[in-house]
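1. pasting the sequence and the predicted coordinates here, then a few questions.
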Amino acid sequence: MKIFERFSSYNTKDGKGVKKRKITDKERYSLIGFFKTYKEKFWQILTVNFMYLMFIFPVLFAFMAYMGVTDTESTALTNVMYAPLYGAHLYSPNPGTAALMGIYGAQTSIYTPNTVTLTFYLLSLIVLLTFGMANTGITYILRGYTRGDAIFIWGDFFRAIKRNFISSIIMGFCDILLMFALTFSSFYYYYNVVDILGTIMFFMTFAMAVVYFMMRFYIYLLLVTFKLSPVKLIKNALILVMLGVKRNVTAVFGIFILVALNIVIFMFAPNIGALLPFFFVIANGAFMTCFAAYPVIKKYMIDPYYQENPDEKELEIFEEPIFLDYTE
């Protein structure tokens, strides 16, 4: 029962009761508040990591196909001299040609793609549909932990996906497309810098990649909190990145430490280090981004709304509000 409580967020113990003093936003979203929440929700965050992997597992098919697991194995010669030597040996066999045949006749294994390989690559495309759903579900759960909401992991995870089904798929596809384009462009200009223009293009694309990396802190939070089109999600995320520079940089620094720790562990314990991204790093990094980004969204988008509509604030107790965008 204790293990179930840790991983499901369901607790059979009596709570501490109603707090006498309301926690302010400054206290809740401070660095101390982060570690306090992280300590309380550590095991649930690991569970969220596992749930995220359930949706992006099609990537495993592409990885297996790329590594040649499904390829057909055959043998091939390693030296072009084998063919003429073989002809000479057939024409006039002698110890000399036989010895040279042994030297230049070494063979190696080659692997060629087949139908199974193509099938695995096609199956991996399913992630184009599930990537956005996975990010929507994990963001909804982590936003709840950030705000101190009561969260039922499995139910709320799928509820968030159901409520944002179409928009999560569209945003997930756009997200993958943008990440691929920016990553490809950065590497292309890095390895093809021949003049000052190439250098400028590299730094421009790299800067865009960094900005978009921080924009992703906000995109899925906005998706589960507001009803916006993908274009407006990206537009608002860009604005919020500029408004929340301090918290964004802090989150980036935290993710850097997390990844560096994973690399160090991989160097000394490869088996453990290779598994950490799948069971620890993803959700922990996502929690850092949610904790950094949500207060910015609350300050600049949610609080002004309730200030203009004070009567609607009580509705938050009974049902989570969905903010609609009526602007053209």
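-> Thanks, I have the structure now.
2. just list the residues touching Gly144, thanks.
-> Residues counted as contacts of Gly144 (Cβ atoms under 8 Å, 6 or more residues apart in numbering) are Ala150, Ile151, Asp156. No exception for glycine: its C-beta is placed from N, CA and C like everyone else's.
3. now do 10 Å
-> By Cβ atoms under 10 Å, 6 or more residues apart in numbering, the residues touching Gly144 are Ser9, Lys41, Gln44, Ala150, Ile151, Phe152, Ile153, Asp156, Ala160, Val224, Cys290, Glu320.
4. what about the closest residue to Asp71 other than its chain neighbours, how many neighbours?
-> Of all residues beyond its chain neighbours, the one nearest Asp71 is Tyr111 (3.7 Å), with distances taken as Cβ to Cβ, 6 or more residues apart in numbering. The tally of other residues near Tyr111 (other Cβ atoms under 10 Å) stands at 14.
5. element containing Tyr111?
-> strand 107-112 (DSSP states H and E).
6. check the offset of that strand from the chain's centre.
-> Its chain's average C-alpha position is 35 Å from that of strand 107-112, according to Cα atoms, centre = their mean, to the nearest Å.
7. domains of the protein?
-> The record assigns the chain these domain ranges, following automatic domain parsing: 2-6+23-68+124-310+318-324, 73-112.
8. ok, which of those domains comes nearest Leu118?
-> domain 2-6+23-68+124-310+318-324 (8.1 Å; Cβ to Cβ).
9. re the thing from before, just name the most buried of the domains of the chain.
-> Mean neighbour count (mean count of other Cβ atoms under 10 Å) peaks for domain 2-6+23-68+124-310+318-324 among the domains of the chain, with a mean of 17.
10. and that one, what's its mean pLDDT?
-> For domain 2-6+23-68+124-310+318-324, mean pLDDT is 88.
11. ends of stretch 76-94, how far apart?
-> End-to-end distance of stretch 76-94 (Cα to Cα, to the nearest Å): 24 Å.
12. mean confidence score for it?
-> Mean per-residue pLDDT for stretch 76-94: 73.
13. and the contacts of it?
-> Residues from elsewhere that reach stretch 76-94, judged by Cβ under 10 Å, 6+ apart: 96-98, 100-101, 103-110.
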